[in-house]
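Asker: sharing a model prediction with you, sequence too.
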Amino acid sequence: MPLLAKRPSAGSSDSARARFTLRPMQGKQGKGDVQRGLQPVVELRSEGASYLYSVRAPRSKGVIPPSSYSHTGFASVADCLRDIARALGGNFNRIYVRLEGHCVGERDMAELRKAPDAVAAELQAMCRAVIAEQQKKQKEEHSKAATPRG
């Protein structure tokens with residue numbers, strides 16, 4: 001059973017809940033896999049002057065599954081988080097979060113509902129720190145490769 005299943009729309013709403021029924025994954029899974037299967041991955045990224053998010057199941061046996069849902073046109077990361085909380089909050093307690101292609105941790109849905117602006121600021125700071133660390137490692141590797149050995 002997929003993470004997200006399409007259902008008929010009951011009017012026009014900007015929330016994913018209006019267009020999809022969200023269900024935890026089912027099937028044969030080990031004890032450790034059950035929790036992972038119940039925790040979707042939300043990928044946030046900028047697109048021009050706006051933001052978008054997509055939802056997918058976690059990686060399984062090295063394979064990254066395709067997104068089951070995406071939504072565009074948000075003015076900020078915090079606006080994305082508000083919509084995510086509305087759309088997924090009734091079905092999932094936690095989500096994995098990726099921002100601009102970088103893993104920035106896990107979040108409780110309650111945090112997204114209560115303080116989306118603060119969570120957005122923390123996620124963006126974490127993303128900047130991850131990028132800075134990657135750039136530092138690349139610079140060190142480049143320096144090592146350029147140093148003559150003798």
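Answerer: Alright, I've got the coordinates.
Asker: from here on, just use CA atoms for contacts and neighbour counts.
Answerer: Fine.
Asker: which residues does the residue nearest the centre of the chain contact?
Answerer: The chain has residue 42 as the residue nearest its centroid, 2.0 Å off, counting by Cα atoms, centre = their mean. Taking Cα atoms under 8 Å, 6 or more residues apart in numbering, we find residue 42 in contact with 53-56, 95-98.
Asker: so which of these are in strands?
Answerer: 53-56, 95-98 (DSSP state E).
Asker: can I get the residues you listed in TSV with pLDDT?
Answerer: Listed next are the ones in strands among the contacts of residue 42 as TSV, based on pLDDT from 0 to 100:
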residue	pLDDT
53	97
54	97
55	96
56	95
95	96
96	96
97	97
98	97
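Asker: any residues touching the helix or strand residue 73 falls within, and which ones?
Answerer: Here residue 73 sits within strand 69-74, counting by DSSP states H and E. Residues from elsewhere that reach strand 69-74 (Cα under 8 Å, 6+ apart): 4, 16, 50-56, 80.
Asker: could I get those residues in JSON lines, plus columns for neighbour count and distance to residue 103?
Answerer: Shown next, in JSON lines, are those (neighbours: other Cα atoms under 10 Å; distance: Cα to Cα, whole Å):
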{"residue": "4", "neighbour count": "20", "distance to residue 103": "22"}
{"residue": "16", "neighbour count": "19", "distance to residue 103": "23"}
{"residue": "50", "neighbour count": "13", "distance to residue 103": "20"}
{"residue": "51", "neighbour count": "19", "distance to residue 103": "17"}
{"residue": "52", "neighbour count": "19", "distance to residue 103": "16"}
{"residue": "53", "neighbour count": "24", "distance to residue 103": "14"}
{"residue": "54", "neighbour count": "19", "distance to residue 103": "14"}
{"residue": "55", "neighbour count": "23", "distance to residue 103": "14"}
{"residue": "56", "neighbour count": "21", "distance to residue 103": "14"}
{"residue": "80", "neighbour count": "23", "distance to residue 103": "17"}
